[in-house]
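Chemist: Sequence plus the predicted model coming up.
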Amino acid sequence: MQKLFILLLCIYPLLGNAQYFPVTIAEGSNFQSTSTYADVMNYIKMLEKASKHIKTETIATSIEGRDIPLMVVANPMPKTPRDIGNRIVVYIQANIHAGEVEGKEASLMFVRDLLKNPNNPLFKNIVLLVCPILNADGNESISPKNRPWQNGPVNGVGVRHNGQMLDLNRDAMKLETPEMVGVVSNVLNRWDPSIVMDCHTTNGSYHQEPVTFTWMMNPNGNRELINYMRDRMMPWVSTQLSVKYKTLNCFYGEFIDQKDYEKGWISYASEPRYFTNYIGLRNRLSILNENYVYAPFDERVYGCYNLIASVCDYAMQNSKEIKDLLAKADRETIQIPKTSPAPEFAITYEGRPTPQWVTILTYEAEAYTDEQGRERFRKTDRKRTVTVPYIADYYPTSTIPLPFAYIVRNDKVVTNLLKSHGIQFQTLTDTVTLNVEQFTIDSLKPAPRINQGHYNSNIFGKYVKANRLFTTNYVMVKTSQPLGQLAAYLLEPQSDDGLAFWNFWDRYLVPQWGNNYNPVPVFRITDEKELGRVKR
């Protein structure tokens, strides 16, 4: 297929001014292969030659030196993100796991087909951003030995991790990869997309639908936005996908118990390290797309294509409503610290059934014992339709009142992380004594297994009142800002995805001598009057 692209590039100048819209590697190989990085970049170059309604920016440069492309598709093309006017920005992200390639091929196809018609009504209300190959380094390890159980492409796919051996879909909070730093800085902070869709492939429970999807669900996100996705947008998209595009689909999940389907269908990854939930903490709408690994490869690609189309259809028809809803969420987040009673931040939470049950076209599964003596399940040919509870609503089980602000040690790694996220903070310019809450540690238990290069810390203790002297070695982070919930998630010591969990504070927690612990270097201001005493 490399030869095909070289041939196309050679004959292109002979076409004169005629527009040429290329086919993808997947299409050209009858869905036997997926695109390499070079294939993707050559394809984008051909699209740029064929249309003036696409330009390409660079999100980041990978560890192995590959530029990560971001296609901006619009008519008219905005000179800067501030020039989008009344349109909303929709961001489609693919290949975050380079063994999961349907989104890569589908997004390239969708952009091409959109560009064929400059008068497409979508352009009136949407500026489309597409990153087809976020994990470029992982993509270059294409081999039939990767994910051999999946139903194509027969010539292989890439690997899950990036060039650092890290999973990009676990990096949204700690931002240790250039790819995710680039997405946050150059897509989210720069373009502020209203809707984000992240494309994956699942090998969970057996079912007939080639396309599944769900929405952001962390309970520290805006509940009105979560409910809007749950009750309105996602059901509409599902119906559109079924009726207009004739594509079987269901909400993403897997059976809680393969022996008893009636226990329910669960979407369990609710932490914001996962990109979809991270977007929710930023008060934006996000969709997790999981294409079903056992469906034929061409069905998965076309199903993902149709899901992208369905999401864009909804965005096109409801752009003003979405903009108004997101603006309201931002205003409410800024006002949260001043509401009474004090709003609660969820430390722990649990999944509960959504108001509407879900119908899954599944197969009966039979149990067997593998070579290691473990119980496994395999699909039979007996089809079965079940309607069961959908465990995808997450609610707090323990909370803590949200403070007006945090006083945080001015550690360069930490403040650079806050900057990357777009969180606002101010450096103290004078010494001041403040009445704060400090977290005293009773015990600290590292996880028994390494997770993404970390022994995650589980901290146990309590907040106590204290008068503390703070110098210019500290910064103040107010929660009255659009990203206030994200800031709290990073800074709360007992957060399940914060700085303490990911070991950012480890060096400060243990004194040089003795068996006790120092307080976590994050302090809470719970009295609004204390804010006025801080010079910054």
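Modeler: The structure has been received and is ready for your questions.
Chemist: Residue 276 and residue 290 touch, don't they?
Modeler: No. When contacts are counted by C-beta atoms under 8 Å, residue 276 is not listed as touching residue 290 (10.3 Å). Using the backbone N, CA and C atoms, a C-beta is placed for each residue, glycine as well.
Chemist: more neighbours, those two?
Modeler: Between residue 276 and residue 290, counted using other C-beta atoms under 10 Å, residue 276 has the larger neighbour count: 28 against 24.
Chemist: Next one: the more buried one from residue 112, what distance?
Modeler: In this structure, residue 276 and residue 112 are 26 Å apart, going by C-beta to C-beta, to the nearest Å.
Chemist: ok, now residue 132?
Modeler: Distance of residue 132 to residue 112, computed by C-beta to C-beta: 11 Å.
Chemist: go on, residue 324?
Modeler: Relative to residue 112, residue 324 is positioned 32 Å away (C-beta to C-beta).
Chemist: the more surrounded of those two?
Modeler: A count of neighbours by other C-beta under 10 Å puts residue 112 above the other of residue 324 and residue 112, at 22 against 11.
Chemist: Could you find the closest non-adjacent residue to the more buried one?
Modeler: Using C-beta to C-beta, 6 or more residues apart in numbering and skipping the chain neighbours, the partner closest in space to residue 112 is residue 21 (5.1 Å).
Chemist: what distance separates the start and the end of stretch 253-261?
Modeler: 12 Å (C-alpha to C-alpha, to the nearest Å).
Chemist: Count the neighbours of the residue nearest to residue 120 when sequence neighbours are not counted for me.
Modeler: In space, and not counting its chain neighbours, residue 120 is closest to residue 114: 5.9 Å by C-beta to C-beta, 6+ apart. Residues contacting residue 114 under the criterion other C-beta under 10 Å number 24.
Chemist: quick one, what contacts residue 114?
Modeler: Residues counted as contacts of residue 114 (C-beta atoms under 8 Å, 6 or more residues apart in numbering) are 73, 120, 122, 128.
Chemist: Over to residue 121?
Modeler: By C-beta under 8 Å, 6+ apart, the contact list for residue 121 reads residue 316.
Chemist: mind checking pLDDT for it?
Modeler: Here, the pLDDT recorded for residue 121 equals 96.
Chemist: How far does stretch 512-527 sit from its chain's centre?
Modeler: 32 Å (C-alpha atoms, centre = their mean, to the nearest Å).
Chemist: Can you name the residues in contact with that stretch?
Modeler: Contacts of stretch 512-527 (C-beta under 8 Å, 6+ apart): 342, 401, 403-409, 411, 434-441, 444, 459, 461, 463, 466, 468, 470, 476, 491-493, 499-500, 505, 508-511, 531.
Chemist: Would you map the strands across the stretch 101-250 of the chain?
Modeler: For the stretch 101-250 of the chain, the strands defined by DSSP state E, counting those that start in this stretch cover 126-131, 195-202, 211-215, 249-251.
Chemist: tell me what the third one is packed against?
Modeler: Right, the one you point to is strand 211-215. Under the contact criterion of 3 or more C-beta pairs under 8 Å, 6 or more residues apart in numbering; DSSP states H and E, strand 211-215 touches helix 234-243, strand 249-251, helix 275-281, strand 285-292, helix 297-317.
Chemist: quick check: angle from it to strand 195-202?
Modeler: 130 degrees (axes from the mean of the first three to the mean of the last three C-alpha atoms, to 10 degrees).
Chemist: Next SSE downstream of the helix or strand of the chain with the lowest mean pLDDT?
Modeler: Sorted by mean pLDDT, DSSP states H and E, the helices and strands of the chain end with helix 2-11, the least confident at a mean of 46. Going down the chain from helix 2-11, the next helix or strand is helix 25-28, by DSSP states H and E.
Chemist: and the protein, what are its domains?
Modeler: As assigned by automatic domain parsing, the chain contains the domains 56-315, 403-533.
Chemist: Could you tell me which ranges of this protein sit under the pLDDT cut-off?
Modeler: By pLDDT under 70, the low-scoring segments of the chain are 1-18, 536.
Chemist: residue nearest the centroid of it?
Modeler: Nearest to the mean C-alpha position of the chain, by C-alpha atoms, centre = their mean, lies residue 275 at 1.8 Å.
Chemist: Could I get the contacting residues of that one?
Modeler: 93, 96, 168, 169, 172, 180, 183, 196, 198, 286.
Chemist: want to throw those into a markdown table with neighbour count and distance to residue 349?
Modeler: Output for the contacts of residue 275, formatted as a markdown table (neighbours: other C-beta atoms under 10 Å; distance: C-beta to C-beta, whole Å):
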| residue | neighbour count | distance to residue 349 |
| --- | --- | --- |
| 93 | 29 | 26 |
| 96 | 25 | 24 |
| 168 | 26 | 24 |
| 169 | 22 | 20 |
| 172 | 26 | 18 |
| 180 | 26 | 24 |
| 183 | 29 | 25 |
| 196 | 27 | 22 |
| 198 | 27 | 21 |
| 286 | 27 | 18 |
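Chemist: Pick out whichever of those sits closest to residue 334.
Modeler: residue 286 (20.6 Å; C-beta to C-beta).
Chemist: My read is that the closest one contacts residue 272, right?
Modeler: No. Look at residue 286 against residue 272 with C-beta under 8 Å: they stay out of range, at 10.6 Å.
Chemist: how about the residue lying closest to residue 418 once chain neighbours are set aside, phi and psi?
Modeler: Spatially, and ignoring its direct neighbours in sequence, residue 418 is nearest to residue 425 (5.7 Å; C-beta to C-beta, 6+ apart). Main-chain dihedrals, residue 425, degrees, to the nearest 10: phi -150, psi 160.
Chemist: sorry, back to before: nearest to residue 484, of the helices and strands packed on strand 211-215?
Modeler: helix 275-281 (9.8 Å).
Chemist: filter the contacts of residue 114 to the buried ones?
Modeler: Of the members of the contacts of residue 114, the ones counted as buried by neighbours, 16 or more other C-beta atoms under 10 Å, are 73, 120, 122, 128.
Chemist: ChimeraX command to pick out the buried ones of the contacts of stretch 512-527?
Modeler: Applied in ChimeraX, the following selects the buried portion of the contacts of stretch 512-527 according to 16+ other C-beta under 10 Å:
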select :403,404,405,406,407,408,409,411,434,436,437,438,439,440,441,444,459,461,463,470,476,491,492,493,499,500,505,509,531
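Chemist: thinking again about what came up before, compare the strands of the stretch 101-250 of the chain and give me the one nearest residue 137.
Modeler: Among those, strand 126-131 sits nearest to residue 137 (C-beta to C-beta), with 14.2 Å.
Chemist: Packing partners of that closest one?
Modeler: Short answer (3+ C-beta pairs under 8 Å, 6+ apart): strand 126-131 packs on strand 67-73, strand 88-93, helix 102-115, helix 297-317.
Chemist: Kindly reformat these as TSV containing distance to residue 417.
Modeler: Converted to TSV, the helices and strands packed on strand 126-131 look like this (distance: least, C-beta to C-beta, whole Å):
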stretch	distance to residue 417
strand 67-73	20
strand 88-93	21
helix 102-115	28
helix 297-317	30
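Chemist: still on that earlier bit, switch the strands of the stretch 101-250 of the chain over to JSON lines; also include distance to residue 395.
Modeler: Listed next are the strands of the stretch 101-250 of the chain as JSON lines, based on distance: least, C-beta to C-beta, whole Å:
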{"stretch": "strand 126-131", "distance to residue 395": "32"}
{"stretch": "strand 195-202", "distance to residue 395": "23"}
{"stretch": "strand 211-215", "distance to residue 395": "15"}
{"stretch": "strand 249-251", "distance to residue 395": "18"}
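Chemist: Assign residue 75 to helix, strand or coil.
Modeler: coil (DSSP: H, G, I helix; E, B strand; the rest coil).
Chemist: now it: how far from residue 111?
Modeler: For residue 75 relative to residue 111 (C-beta to C-beta), the value is 13 Å.
Chemist: So between those two, which is more surrounded?
Modeler: Taking other C-beta under 10 Å, residue 75 and residue 111 do not tie; residue 111 has more neighbours (23 against 18).
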